[in-house]
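Colleague: please work out how this folds:
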Amino acid sequence: MKLTPLKAIKKHCLECSGYEKKEVRECNITDCVLFAYRLGSNPNRKGCTVKKNAASTTGFENVDGYVSAS
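Modeller: Residues are numbered from 1 along each chain as shown. Presented below is the predicted three-dimensional model:
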């Protein structure tokens with residue numbers, strides 16, 4: 001089974017905490033290099049959400065407000 005890097009980190013943290021999810025959330029080992037990623041999310045991507053199947057029109061709007069493909 002292939003794991004994404006974040007899922008592998010989350011699995012490692014579960015193993016480290018004795019498979020207790022609560023212990024992972026309450027982890028106080030802040031000098032661990034994986035600490036920021038322990039809940040299965042990348043803190044560097046905070047605010048970068050892309051909705052699936054949503055088309056972006058950024059950069060396609062004319063001065064008039066109309067959207068063009070060229």
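Colleague: what lies in contact with stretch 34-44?
Modeller: Stretch 34-44 is contacted by residues 6, 7, 9, 10, 12, 13, 24, 25, 27, 29, 32 when judged by C-beta atoms under 8 Å, 6 or more residues apart in numbering. Every residue, glycine included, has its C-beta placed from N, CA and C.
Colleague: which pair in those residues spans the largest distance?
Modeller: The two members of the contacts of stretch 34-44 with the most space between them (C-beta to C-beta) are 7 and 29, at 19.8 Å.
Colleague: on that earlier part again, just the buried ones from the contacts of stretch 34-44?
Modeller: Those of these that meet the buried threshold are 9, 10, 12, 13, 24, 27, by 16 or more other C-beta atoms under 10 Å.
Colleague: pLDDT score for residue 44?
Modeller: For residue 44, the pLDDT comes out at 84.
Colleague: how many neighbours does it have?
Modeller: 8 (other C-beta atoms under 10 Å).
Colleague: try residue 5
Modeller: 9.
Colleague: do you know how far it is from residue 22?
Modeller: With the distance defined as C-beta to C-beta, to the nearest Å, residue 5 ends up 24 Å from residue 22.
Colleague: restricting to C-alpha, output the longest helix anywhere in the chain in CSV.
Modeller: Ordering each helix of the chain by length in residues (DSSP state H) puts helix 5-16 first. Below are the C-alpha coordinates for helix 5-16, written out as CSV (Å, rounded to 0.1, in the frame of the first residue of the first chain):
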residue,chain,number,x,y,z
PRO,A,5,4.1,11.6,2.7
LEU,A,6,1.6,13.2,5.1
LYS,A,7,-0.2,9.9,5.7
ALA,A,8,3.2,8.2,6.4
ILE,A,9,4.0,11.0,8.9
LYS,A,10,0.5,10.6,10.5
LYS,A,11,1.1,6.8,10.7
HIS,A,12,4.5,7.3,12.3
CYS,A,13,3.1,9.6,14.9
LEU,A,14,0.4,7.1,15.7
GLU,A,15,3.0,4.4,16.2
CYS,A,16,5.1,6.8,18.4
